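J.: Sequence and predicted structure are below.
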Amino acid sequence: MPRLARLPLAAALTLALGCQADHAVTPPFGPPAFALSDGAHDGNPDFFFLPPLLPDPSADPDFEPGDFNAHLRPTVEVCELETLGDGSVACVAGDPVRRFEASEVRVVPADEHYIVNWHTDESNLDVAKAYRIRVLVGTELLGFADVDPVSSGKELKSVATGEYIGLVDGRTLPIKFRIENGSLCTNDADCAEQVVTDAGGQVVTNTGFAAAAFRNDWLREPFTEATVVIERVNPDPKNPCHPTDLQQFEGCYHYRTIPDVGRFNDTVRVEVCLAVDPEDPLFESLQLFSSDADQAPTALPSVPDLLITCEGFAGGGEAPIGAGPFRDLRRFATRAWDGFLGGLTSLLAPRPAHATLVNLGLGGETESFSNIGWARPATLRIVEGDGGGAVVGATITARVRVVNLHETEHPVAGTDVTFAVDQGGGHVAGELDIVTIPTDLEGYASVPWTLGPEGGANTLRVSTPFVDNSPRTLTVTGHVPVTLIDCGVGTGGDLIGQGFYVARFPGTRLDRVTLYLSARTAGTYTFSLTARSGTYDGSVLGVATATVALSADDQANVATAFTFRSPAVTQGSTVTFTLAQTEGPAGAEVFYAVPGSLPTGDPGCPVSQTEGTTPPLDTFRRQGVHVRIEGGAAVIP
């Protein structure tokens, strides 16, 4: 890359400001700040104006020429300048005085320059005004030179240097310039810039470490060609390749087009070298991902590499990148893309000697350009809500977890998980058919799932954008319950700490239990009802919860339904039930309704009450509890 001796500080500051903002700034009340901007004047280090506009930079003993880039389609504009209120100068708004389209600018590979002839006498120049010659690729400015017409516009001189510029035949200015590899890259040590037409082609970085291949008709209308720029960016834990908690690996490249053509008409193959320790047992799970600053990364379908050569590629750092810094993905994603790239360092240090490069020999297919680099896909774990059954219309919890494939599971926070009802006619999150929820700090996302009104399979499709096993389907069978036991109206109440059991359960499935509750303290209460097989210390068949508002009336007997996930029950076996308050007024006395008086109760009710819940069945207290039990199979007389 060429570098020239630096100008004095004051001059360098003036010209640098002119380069960055397309105008230069002078102190208040000073003269207009005209400027030059190219590689010899603190501008783009890979762009140079040539004689007769400016002296040949090769005359400088410190000049180190880079590789000439003959694969671009630059345009040249001449605009009239105006002086702004702060003393700076800028192009007058509107059409330029003269614009040379890319088709008018010739490339001369043998002499390594581009050229276009400006017939100044055809532009009606005003000797009282100054003009700026600008060279652009698309909308990106490579450099500019301010000139002043003299002698009725038949001569020009550099406003910044005061030197006269020789014209051919007294009227024609050959605008010559040299563009070297790296002129459109912030990291020209590993980059590529090349025009690709709609006919397709290939672009490979100067190192051979990244590439892109384009099929015929890859561009959407109205575009017929675009300048493709590929440059290496340097991910680290503070500025990773993708805005995600995915575990990431070098390399990472920013792909873009000038102009931005958006989505392609056909997919483009991208290839990126990879540095990874072959002792990593999961290195084969690595995949190319694409991401913009405002979206989660997307895994790219893998294809074989054909263009890249990874010998000598060196990733940085001994540990993988990422795996945890993004606990607020949305806040991160709002950062400006320019700021994101600006925070990246230019090149990583070589990997430690014990870490060996592995080239997986893979690329990916993408429909648009962005940051493209290696990451390890996460995995979607189903935590709750899959399998078994529940009463039709019941609301259960669907819960999943997204984790990285580390030696131990590492949560992926802030990634969107979409829950969509697929079958059964149910809803999620109230009355919705689909909802998207971000994972929390531990990688979990959950949603209430209400089953449909008809019996049969209910399915919920769960997907997230960058896991290796997405989407997943949760399936729950909706059961239409039948009444197995219905004991009569209660005439009194006993404290909920007293348990009850069914000596010979009449069904094959437990769906729902309805109790009638009262309290002496008004409030909203939450209760849990635990069903066990055999005795009070038997294996748990299921736990159901219910929330109910109770008044200060110990005879209110409010129907409270506890819906189970329809566990299977051995017909004729003993099933015990224990009730406990989990939320609500502390120290409150709560009762469930019971029929009749002690010690008889209701001899026709097949439910027995005990004094407590001490295993195996505690001391018998009363026959009967005001309860309705629903489940599967017919009632046994």
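T.: Thanks, I have the structure now.
J.: give me the low-pLDDT residue ranges for the stretch 201-350 of the chain?
T.: 236-238, 245, 277-284, 293-296, 314-350 (pLDDT under 70).
J.: which stretches of it form strands?
T.: Along the stretch 201-350 of the chain, counting by DSSP state E, counting those that start in this stretch, strands occupy 201-204, 210-214, 225-233, 247-258, 268-272, 287-291, 298-299, 302-304, 321-322.
J.: what's the angle from the longest one to strand 287-291?
T.: Between strand 247-258 and strand 287-291, the angle formed by their directions is 50 degrees, by axes from the mean of the first three to the mean of the last three CA atoms, to 10 degrees.
J.: if we can go back for a sec, so which of the strands of the stretch 201-350 of the chain gets nearest G632?
T.: strand 298-299 (42.9 Å; CB to CB). Placement of C-beta: from N, CA and C, glycine included.
J.: Distance from the chain centre to the closest one, please.
T.: Its chain's C-alpha centre and that of strand 298-299 lie 9 Å apart, by CA atoms, centre = their mean, to the nearest Å.
J.: The strands of the stretch 201-350 of the chain into a markdown table, with extra columns for mean neighbour count and distance to T459?
T.: A markdown table is the format used below for those (neighbours: other CB atoms under 10 Å; distance: least, CB to CB, whole Å):
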| stretch | mean neighbour count | distance to T459 |
| --- | --- | --- |
| strand 201-204 | 18 | 45 |
| strand 210-214 | 24 | 40 |
| strand 225-233 | 24 | 42 |
| strand 247-258 | 24 | 31 |
| strand 268-272 | 26 | 35 |
| strand 287-291 | 25 | 27 |
| strand 298-299 | 18 | 24 |
| strand 302-304 | 13 | 29 |
| strand 321-322 | 26 | 33 |
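J.: want to try a markdown table for the ones you listed, with distance to F577 as columns?
T.: Below are the strands of the stretch 201-350 of the chain laid out as a markdown table (distance: least, CB to CB, whole Å):
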| stretch | distance to F577 |
| --- | --- |
| strand 201-204 | 71 |
| strand 210-214 | 65 |
| strand 225-233 | 62 |
| strand 247-258 | 47 |
| strand 268-272 | 61 |
| strand 287-291 | 51 |
| strand 298-299 | 48 |
| strand 302-304 | 54 |
| strand 321-322 | 49 |
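J.: List just the one of these that sits closest to V540.
T.: Short answer: strand 247-258, nearest of those by CB to CB, at 37.6 Å.
J.: for the closest one, packing partners?
T.: strand 210-214, strand 225-233, strand 268-272, strand 321-322, strand 371-376 (3 or more CB pairs under 8 Å, 6 or more residues apart in numbering; DSSP states H and E).
J.: Please identify the helix or strand for E80.
T.: strand 75-83 (DSSP states H and E).
J.: For that strand, buried residues please.
T.: By neighbour count with 16 or more other CB atoms under 10 Å, strand 75-83 contains the buried residues 75-81, 83.
J.: Distance check, T83 against S158.
T.: As judged by CB to CB, to the nearest Å, T83 and S158 stand 18 Å apart.
J.: One more: E250?
T.: 45 Å.
J.: How about N181?
T.: N181 is 28 Å from S158, by CB to CB.
J.: between these two, which one's more packed in?
T.: N181 (20 against 17; other CB atoms under 10 Å).
J.: does the more buried one really touch E193, like I thought?
T.: Yes - using CB atoms under 8 Å, N181 makes contact with E193 at a distance of 6.8 Å.
J.: hey, what's in contact with both of the two?
T.: Both N181 and E193 are in contact with N69, where contact means CB atoms under 8 Å, 6 or more residues apart in numbering.
J.: Next up, phi/psi of P57, please.
T.: When read as degrees, to the nearest 10, the backbone of P57 gives phi -60, psi -20.
J.: What of S539?
T.: phi -70, psi 140.
J.: wait, it sits on S533?
T.: Yes - at 5.0 Å, S539 counts as touching S533 under the criterion of CB under 8 Å.
J.: of those two, who's got more company?
T.: Neighbour totals were compared for S539 and S533, and S533 leads with 16 against 8 (other CB under 10 Å).
J.: Would you enumerate the residues in contact with that one?
T.: Contact analysis of S533 by CB under 8 Å, 6+ apart lists 539-541, 569-570, 573-575.
J.: ok, now R461?
T.: R461 neighbours (CB under 8 Å, 6+ apart): 418-422, 471-473.
J.: C-terminal to the helix or strand where it lies, what's the next element?
T.: In this assignment (DSSP H and E), R461 forms part of strand 456-463. Using DSSP H and E, the next helix or strand after strand 456-463 towards the C-terminus is strand 472-479.
J.: what's the distance between the helix or strand following that following strand and the middle of its chain?
T.: For strand 472-479, the following helix or strand on the C-terminal side (DSSP H and E) is strand 482-486. How far strand 482-486 lies from its chain's middle: 51 Å, per CA atoms, centre = their mean.
J.: List the buried residues in strand 482-486.
T.: 484-485.
J.: got JSON lines for the helices and strands packed on strand 247-258, with distance to R98 too?
T.: Listed next are these as JSON lines, based on distance: least, CB to CB, whole Å:
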{"stretch": "strand 210-214", "distance to R98": "33"}
{"stretch": "strand 225-233", "distance to R98": "22"}
{"stretch": "strand 268-272", "distance to R98": "36"}
{"stretch": "strand 321-322", "distance to R98": "49"}
{"stretch": "strand 371-376", "distance to R98": "38"}
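J.: close enough to count as contact, G363 and V272?
T.: Yes - if you go by CB under 8 Å, G363 and V272 touch, sitting 7.3 Å apart.
J.: shared neighbours, those two?
T.: Each of 288, 308 lies in contact with both G363 and V272 under the rule CB under 8 Å, 6+ apart.
J.: Out of the strands of the stretch 201-350 of the chain, which gets nearest to G601?
T.: strand 247-258 (63.1 Å).
J.: Give me the sheet partners of that closest one and which way each runs.
T.: strand 225-233 (antiparallel), strand 321-322 (antiparallel), strand 371-376 (antiparallel) (DSSP bridges).
J.: Pipe those strands into TSV and attach distance to G39 per row.
T.: Formatted as TSV, the strands paired with strand 247-258 follow (distance: least, CB to CB, whole Å):
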stretch	distance to G39
strand 225-233	18
strand 321-322	34
strand 371-376	28
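J.: Can you tell me which of the ones you listed is nearest to L307?
T.: strand 225-233 (11.2 Å).
J.: between that closest one and strand 210-214, how many degrees?
T.: 160 degrees.
J.: any idea of the angle strand 225-233 forms with strand 268-272?
T.: 20 degrees.
J.: Output strand 225-233 in CSV with nothing but the alpha carbons.
T.: The C-alpha trace of strand 225-233 is given here as CSV (Å, rounded to 0.1, in the frame of the first residue of the first chain):
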residue,chain,number,x,y,z
GLU,A,225,-23.7,-4.2,-12.6
ALA,A,226,-22.3,-3.4,-9.2
THR,A,227,-19.0,-3.0,-7.5
VAL,A,228,-18.4,-5.8,-5.1
VAL,A,229,-16.3,-5.1,-2.0
ILE,A,230,-15.0,-7.8,0.3
GLU,A,231,-12.9,-6.9,3.3
ARG,A,232,-11.7,-8.6,6.4
VAL,A,233,-13.0,-7.4,9.7
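J.: Give me the neighbour count for R512.
T.: 21.
J.: helix/strand/coil for it?
T.: Following DSSP: H, G, I helix; E, B strand; the rest coil, the label given to R512 is strand.
J.: what do you get for D121?
T.: D121 is classified as helix under three-state DSSP.
J.: Angles on the backbone of T560, please.
T.: phi -130, psi 120.
J.: The one 10 residues further on too?
T.: In terms of degrees, to the nearest 10, the main-chain angles of T570 are phi -70, psi 120.
J.: element containing the nearest residue to A544 once chain neighbours are set aside?
T.: Counting by CB to CB, 6 or more residues apart in numbering, the nearest residue to A544 once its immediate chain neighbours are dropped is F562, at 3.8 Å. Using DSSP H and E, F562 sits in strand 553-563.
J.: now R504
T.: R504 belongs to no helix or strand, assigned by DSSP H and E.
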